[in-house]
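Peer 1: sequence unknown, structure follows:
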């Protein structure tokens, strides 16, 4: 089977996993948002940084090392597995004893028990890193899909029941905890690989030496991606953390359903063609143009109509979250492009280059946040830094990507701006229709749907008219392996 056919089959099953899970999560999230309060989501949002960093440290970049290595033996898998388990237990113990200090930092006494229970997910997740790496390496996304969907359904049912029984934030804690449990359980039941009592110190060092640089990058990513929850929770209030986390969840819906499945394929695909420079460049340009054309309009519509979408989905009590969604959606356009560029750079430049780029990139984000806090500015100015720093990140990452791919930076930038200009025209058309043309004819939600539908129709027409080559790129990616 050719690479592209493998990729297409993998994409179909990955998309089934992602879209099926996201659709379930989407409706569950709506029900929970209408049942619970923004502060409930905010309390849990305060903890994501600790859980995320712990999971990154447990993995240690070794999952990617396994996927990237061409010849992998069972001794590789087993050595990494036991390292993951040991690290997860150590980190859980540390977080368990740090719980009172985390609670004191946020001035939330109830966080002590929540931290200690919620952090069990760290240990559970460690049991599936290797199995997940094996399935990904073999592009076996079908089996992952058949395990992921039941995990989400079972845990969502538990979360909804607890929410209706007025368990508040604990309904969210147990929902995430049971989802991780079922996900791990199904891997052990249905996965062909089982660990043996073997630990090869040299193989562990090999994977660790590759992975530790990626781990530093991912720790930086985890801190920065959760920095806004930390800052908002510490210097503003937990209610705003709830607005932020729910807006982020809504923003991630199109990204997870479109970019998420494809992103799982990028690493194995580029790993297989990394020795053919011309093919790497050609595939890179094909994929990035398709990503922009597909993702950018959805996120732009989400930004422009953020208030109407928030109120319709989550009810009036969430209206204040609209500015959060606006800036997160705008940032999402640039974040997707950056994420793809970093994946490619990880293959062609190695983890050392990735660490250098991410360090530069994260510094500018931190400076924006520190400046906002130091000047004592209201939260609306902190929100502006989300979109502004994402644009700066795009310039930094794209510069290094084009340099190492030997592509003209200005040409790549011009292509990006040209694609975005079509999106802006279509969204502006939809906004005019919604604001001035349909108000006296339909209910507001009907106006919204019709305006967006007509705006998207215009966008599709303009894309076919001015960017037909990108449509051909998509067909080429799916049809052949050249």
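Peer 2: Received it, and whenever you're ready, just let me know what you need. Only a predicted model underlies this, so the values are computations on that prediction, with no experimental measurement involved.
Peer 1: Contact partners for residue 333?
Peer 2: The contact partners of residue 333, taken as C-beta atoms under 8 Å, 6 or more residues apart in numbering, are 292, 295, 296, 299, 300, 390, 420. To be clear about C-beta, it is placed using only N, CA and C from the backbone, and glycine gets the same treatment.
Peer 1: Can you say which helix or strand has it in it?
Peer 2: Assigned by DSSP states H and E, residue 333 falls within helix 322-348.
Peer 1: sorry, back to before: separate out the buried members of the contacts of residue 333.
Peer 2: 292, 295, 296, 299, 300, 390, 420 (16 or more other C-beta atoms under 10 Å).
Peer 1: Among those, which one lies nearest to residue 435?
Peer 2: residue 300 (16.1 Å; C-beta to C-beta).
Peer 1: Would you confirm that the closest one contacts residue 423?
Peer 2: Yes - contact criterion C-beta atoms under 8 Å: residue 300 and residue 423 qualify, at 5.1 Å.
Peer 1: since we're on the closest residue to residue 227 other than its chain neighbours, how many residues are nearby?
Peer 2: Leaving out its chain neighbours, the residue that sits closest to residue 227 by C-beta to C-beta, 6 or more residues apart in numbering is residue 369, at 5.9 Å. Using other C-beta atoms under 10 Å, the number of residues around residue 369 comes to 19.
Peer 1: Mind pulling up the pLDDT for residue 369?
Peer 2: We have a pLDDT of 93 for residue 369.
Peer 1: Repeat that for residue 17.
Peer 2: At residue 17, the pLDDT value in this model is 59.
Peer 1: ok, residue 156 - contacts?
Peer 2: 24, 25, 28, 175, 179.
Peer 1: residue contacts, the third one?
Peer 2: Residues in contact with residue 28 (C-beta under 8 Å, 6+ apart) are 156, 159, 160.
Peer 1: with those in mind, which one is nearest to residue 88?
Peer 2: Proximity of the contacts of residue 28 to residue 88 (C-beta to C-beta) peaks at residue 159, which lies at 23.5 Å.
Peer 1: Name the nearest residue to that closest one, sequence neighbours excluded.
Peer 2: Going by C-beta to C-beta, 6+ apart, residue 159 has residue 175 as its nearest residue, at 2.9 Å.
Peer 1: where does that neighbour land on pLDDT?
Peer 2: If you check residue 175, the pLDDT there is 95.
Peer 1: so which strand or helix has it?
Peer 2: Counting by DSSP H and E, residue 175 is found in helix 169-190.
Peer 1: Would you mind pulling the contact partners of the following helix or strand past that helix?
Peer 2: Going down the chain from helix 169-190, the next helix or strand is helix 201-225, by DSSP H and E. Residues outside helix 201-225 that contact it (C-beta under 8 Å, 6+ apart): 49, 52-53, 56-57, 59-66, 68-69, 73, 75-76, 79-80, 83, 346, 351-352, 354-355, 358-359, 362, 365-366.
Peer 1: can you give me the angle helix 201-225 makes with helix 322-348?
Peer 2: 150 degrees (axes from the mean of the first three to the mean of the last three C-alpha atoms, to 10 degrees).
Peer 1: Quick one: name whatever helix or strand follows helix 201-225.
Peer 2: Going down the chain from helix 201-225, the next helix or strand is helix 227-235, by DSSP H and E.
Peer 1: and that following helix, how far out from the chain's middle?
Peer 2: In terms of C-alpha atoms, centre = their mean, to the nearest Å, the centre of helix 227-235 is found 19 Å from the chain centre.
Peer 1: cool, stretch 185-195 as well?
Peer 2: Centre-to-centre, stretch 185-195 and its host chain are 25 Å apart (C-alpha atoms, centre = their mean).
Peer 1: what is the rounded mean pLDDT of that stretch?
Peer 2: Mean pLDDT, stretch 185-195: 81.
Peer 1: swap in stretch 45-65?
Peer 2: Mean pLDDT, computed over stretch 45-65, is 81.
Peer 1: re earlier: mind listing what the residue nearest to residue 159 touches?
Peer 2: 155, 156, 158, 159, 162.
Peer 1: which among these end up buried?
Peer 2: For these, a burial check counting by 16+ other C-beta under 10 Å picks out 155, 156, 158, 159, 162.
Peer 1: With respect to residue 230, which of those residues is nearest?
Peer 2: Nearest member of these to residue 230, counting by C-beta to C-beta, is residue 159, at 24.6 Å.
Peer 1: right, and the closest one touches residue 33 too?
Peer 2: No - with contact defined as C-beta under 8 Å, residue 159 does not reach residue 33; the gap is 11.9 Å.
Peer 1: now stretch 171-184, how far from the centre of its chain.
Peer 2: On C-alpha atoms, centre = their mean, the centre of stretch 171-184 falls 19 Å from the chain's centre.
Peer 1: Please apply the same query to stretch 146-164.
Peer 2: 20 Å.
Peer 1: Next: stretch 101-118.
Peer 2: The answer for stretch 101-118 is 25 Å, by C-alpha atoms, centre = their mean.
Peer 1: May I see the buried residues of that stretch?
Peer 2: Result for stretch 101-118 [16+ other C-beta under 10 Å]: buried residues 102, 103, 106, 108, 111, 112, 114, 115, 116, 118.
Peer 1: Return the mean pLDDT over that stretch, rounded to an integer.
Peer 2: 91.
Peer 1: who touches it?
Peer 2: So stretch 101-118 is in contact with 43-44, 46-47, 50-51, 95-96, 98-100, 169-170, 173, 176-177, 233-234, 238, going by C-beta under 8 Å, 6+ apart.
Peer 1: run the last query once more with 7 Å
Peer 2: 43, 46-47, 50-51, 95-96, 99-100, 169, 173, 176-177, 233-234 (C-beta atoms under 7 Å, 6 or more residues apart in numbering).
Peer 1: just the residues you listed now: which is nearest residue 37?
Peer 2: Distances from residue 37 to the contacts of stretch 101-118, taken by C-beta to C-beta, are shortest for residue 169, at 9.1 Å.
Peer 1: returning to what we had before: give me the mean pLDDT for the helix holding residue 333.
Peer 2: Helix 322-348 comes out at a mean pLDDT of 88.
Peer 1: relative to helix 227-235, how tilted is it?
Peer 2: Put simply, helix 322-348 runs at 140 degrees to helix 227-235, going by the same axes, to 10 degrees.
Peer 1: Moving along the chain from helix 322-348, name the first helix or strand you hit.
Peer 2: Using DSSP H and E, the first helix or strand after helix 322-348 is helix 350-374.
Peer 1: Tell me which other helices or strands that next one touches.
Peer 2: Contacting helix 350-374 under the criterion 3 or more C-beta pairs under 7 Å, 6 or more residues apart in numbering; DSSP states H and E are the following elements: helix 201-225, helix 227-235, helix 322-348, helix 379-405.
Peer 1: Kindly recompute the last result at 6 Å.
Peer 2: On a contact count with 3 or more C-beta pairs under 6 Å, 6 or more residues apart in numbering; DSSP states H and E, helix 350-374 meets helix 201-225, helix 227-235, helix 379-405.
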